[in-house]
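Trainee: A structural model of the following input is requested.
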Amino acid sequence: MNELKLIGKLIKLDECPILLDYKPDENWREHWQVMKGTWECKDGWLIGSEPGNFGGILFSKERYDCDIVFSFTAKTVLPATRDVNALFCAEWLKETDYLGNAYIVGLNGWYEGKSGIERSPEDGLKALTSAYKYTPGTEVRIITGIADGHTFIYADDTLVTEIVDPHAISGGYVGFSPYSTKLAIKDVQIRKAVYSPLTQSYEPEF
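Mentor: Have a look, this model is predicted:
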């Protein structure tokens with residue numbers, strides 16, 4: 001998949017400069033920092049686990065102060081079935097030792113098997129749907145990110161949710177957040193988001 005068509009925007013991935021192209025290996029801690037939960041690298045996967053009712057969070061060591069397109073392959077590690085979550089534009093609050101501002105995207109989450117986008121803290125914006133269902137234990141390619149306040153999540157070439165945040169946050173760390181679940185992650189890529197305006201109109205159909 002090379003083109004992401006959003007309302008009013010077209011993102012061509014091959015025109016977005018690559019900032020990180022990462023395959024997990026034994027040196028994974030050079031790129032990632034464990035904030036919560038248990039993390040390891042095994043058989044080419046980053047594996048994160050958190051059984052409690054909160055996120056086991058992994059942050060990038062590098063901060064990205066630009067709009068990004070963030071893609072990766074993920075799966076739940078059975079019998080875990082829920083919350084295939086990632087985050088971006090993220091900050092860590094030392095005073096609470098937990099996540100501050102961030103966009104959280106996910107599949108099979110929000111306690112009811114929903115998928116979509118949430119802005120942290122919890123009283124922030126949410127755009128959720130029960131229409132998309134991820135099959136636990138299977139690999140899914142997720143493409144997400146932000147372009148001029150426009151956030152989105154694709155799963156295996158299907159646009160799950162998009163939303164324009166009128167009070168968008170920008171810049172921060174990227175990462176993953178298994179929320180009361182166990183996830184495996186590989187083939188991580190971060191690109192600088194570059195888009196062109198997309199003119200959209202209807203042709204008469206009757």
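Trainee: tally of neighbours for the nearest residue to Ala90 once chain neighbours are set aside?
Mentor: Leaving out its chain neighbours, the residue that sits closest to Ala90 by Cβ to Cβ, 6 or more residues apart in numbering is Ala102, at 3.7 Å. All C-beta spots, glycine's among them, are computed from the backbone N, C-alpha and C. By other Cβ atoms under 10 Å, 27 other residues sit near Ala102.
Trainee: any idea how far Ala102 lies from Gln200?
Mentor: Distance of Ala102 to Gln200, computed by Cβ to Cβ, to the nearest Å: 30 Å.
Trainee: circling back to that earlier point, let me see the contact set for the residue nearest to Ala90.
Mentor: Residues counted as contacts of Ala102 (Cβ atoms under 8 Å, 6 or more residues apart in numbering) are Leu87, Phe88, Cys89, Ala90, Glu91, Arg119, Ser120, Ile169, Gly172.
Trainee: bridging residues for the first one?
Mentor: This points to Leu87. Beta-bridge pairing of Leu87, defined through DSSP bridges, involves Ile104, Gly175.
Trainee: make sure Gln33 is actually in contact with Glu62.
Mentor: No. Counting by Cβ atoms under 8 Å, Gln33 sits too far from Glu62 to count as a contact (10.1 Å).
Trainee: longest strand in the chain, by residue count?
Mentor: Taking residue count as the measure and DSSP state E as the definition, the longest strand of the chain comes out as strand 179-192.
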